[in-house]
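**Student:** Everything below, folded, please.
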Amino acid sequence: MGSDVMVVGCGVIGLTTAISLREAGLDANIVAAELPETTTSSVAAAIWYPYKAYPEDRVLLWGRTTYEVFEELSEIPETGILMREGVEIWHEPAPEPWWADAVPKVRRCREDELPPGYRDGHAFTAPVVEMPVYLPYLMNRFAASGGSVQRRTLSSLDEVAGEAQVVVNCGGLGARDLVNDASMQPIRGQIVRVRNPGLERFVLDEENPQGVTYIVPRSHDCILGGTADEGEWDLEPDPETAEGILSRCTRLEPQLEDVEVLEHKTGLRPGRAAVRLERQEGPNGVPLIHNYGHGGSGITLSWGCAKETLRIALQHLSTSAGQQERP
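**Tutor:** Next up, the predicted model:
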């Protein structure tokens, strides 16, 4: 029947899942319509931060696992992962973040750490993932484990049901068509990539009345955002939106005044009321494991969800192997 597992999708969720499967000794390969550099993952500001992903209890568990993996990977330069301290800021007093248990140390901001007009905030250290570096690292790691990626556009998961003992659906927004999941909705994100004027601290202002605002410094550039336009499919960057992003970010960080703009990008986050990570019986008795609908938290949940997908896959494969061995 071909390989043990066929993973559908080659964004950060699909790649991480395929690596976890192969490194656990399974023969797992990928089939995908797009390679990583053209997926939504490539646009991501890619900071560890649970955003528009539910339910909170499962997100917390997956997020904690992923944080720990990124902390280890940050010691390998070719991963492009930096551990950065930064702040999440609020105009009004705010409770402790619901995700605080997933992060080693979260503290209240001192007054001198808050921009004018802000009354509260939390400082914490989080992995910042440079996607132009990290995605090739994942591809190389997958290839080094013996995995292959097949470029192919599927209209249904049935098309690969005969090619493996288990099919893992990491199709992101594509799951809308692949499994007819009408609950999948795009959450459009627009960012401005600028030259880094020497910033090291990230700033997150999720409740800004003018729009979600964030500054994520990387080694040579900064990702400035953003938008969270639910149900919006347009991938063309909007100049007026870009001006608003630059204006909001500059108010938070004056060093961004007149900074050189390098690029405008948009991406569609795979929005869903809850992340779908579960097993389902597929065609011809081939089980499907769904791992999609991560909202704005694909990076944040990637290794945790991959670990759970591996557990489900091993459970099925060991059960079916046991059944085959019976006299």
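
**Student:** Run a quick neighbour tally on Ser219.
**Tutor:** 11 (other Cβ atoms under 10 Å). Quick note: C-beta positions are derived from backbone N, CA and C, even for glycine.

**Student:** Which other helices and strands does whichever strand or helix holds Asp4 contact?
**Tutor:** In the assignment (DSSP states H and E), Asp4 maps to strand 3-8. Other helices and strands packing on strand 3-8, by 3 or more Cβ pairs under 8 Å, 6 or more residues apart in numbering; DSSP states H and E, are helix 12-23, strand 28-32, strand 164-169, helix 298-325.

**Student:** now do 7 Å
**Tutor:** Applying 3 or more Cβ pairs under 7 Å, 6 or more residues apart in numbering; DSSP states H and E, we find strand 3-8 packed against helix 12-23, strand 28-32, strand 164-169.

**Student:** Quick check: neighbours of that strand in the sheet, parallel or antiparallel?
**Tutor:** According to DSSP bridges, strand 3-8 forms sheet pairs with strand 28-32 (parallel), strand 164-169 (parallel).

**Student:** how about the ones you listed in TSV, adding mean neighbour count?
**Tutor:** TSV is the format used below for these (neighbours: other Cβ atoms under 10 Å):
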stretch	mean neighbour count
strand 28-32	24
strand 164-169	25
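
**Student:** Go through the helices and strands packed on strand 3-8 and name the closest to Thr241.
**Tutor:** helix 12-23 (24.4 Å; Cβ to Cβ).

**Student:** so Asn29 touches Ser148, yeah?
**Tutor:** Yes: contact status for Asn29 versus Ser148: in contact at 5.1 Å, counting by Cβ atoms under 7 Å.

**Student:** Tell me which stretches of this protein form helices.
**Tutor:** With helices called from DSSP state H, the chain shows them at 12-23, 56-73, 131-144, 175-178, 239-252, 298-325.

**Student:** how about the CA coordinates for the first one, as PDB?
**Tutor:** What follows is the C-alpha trace of helix 12-23 in PDB, where atoms were taken according to Å, rounded to 0.1, in the frame of the first residue of the first chain:
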ATOM      1  CA  VAL A  12       4.700  24.600   8.700                       C
ATOM      2  CA  ILE A  13       2.000  22.200  10.100                       C
ATOM      3  CA  GLY A  14       2.500  19.600   7.300                       C
ATOM      4  CA  LEU A  15       6.300  19.700   7.400                       C
ATOM      5  CA  THR A  16       6.600  19.600  11.100                       C
ATOM      6  CA  THR A  17       4.100  16.600  11.200                       C
ATOM      7  CA  ALA A  18       6.000  14.700   8.500                       C
ATOM      8  CA  ILE A  19       9.300  15.200  10.200                       C
ATOM      9  CA  SER A  20       7.900  14.000  13.500                       C
ATOM     10  CA  LEU A  21       6.500  10.900  11.800                       C
ATOM     11  CA  ARG A  22       9.700  10.100  10.000                       C
ATOM     12  CA  GLU A  23      12.000  10.700  13.000                       C
END
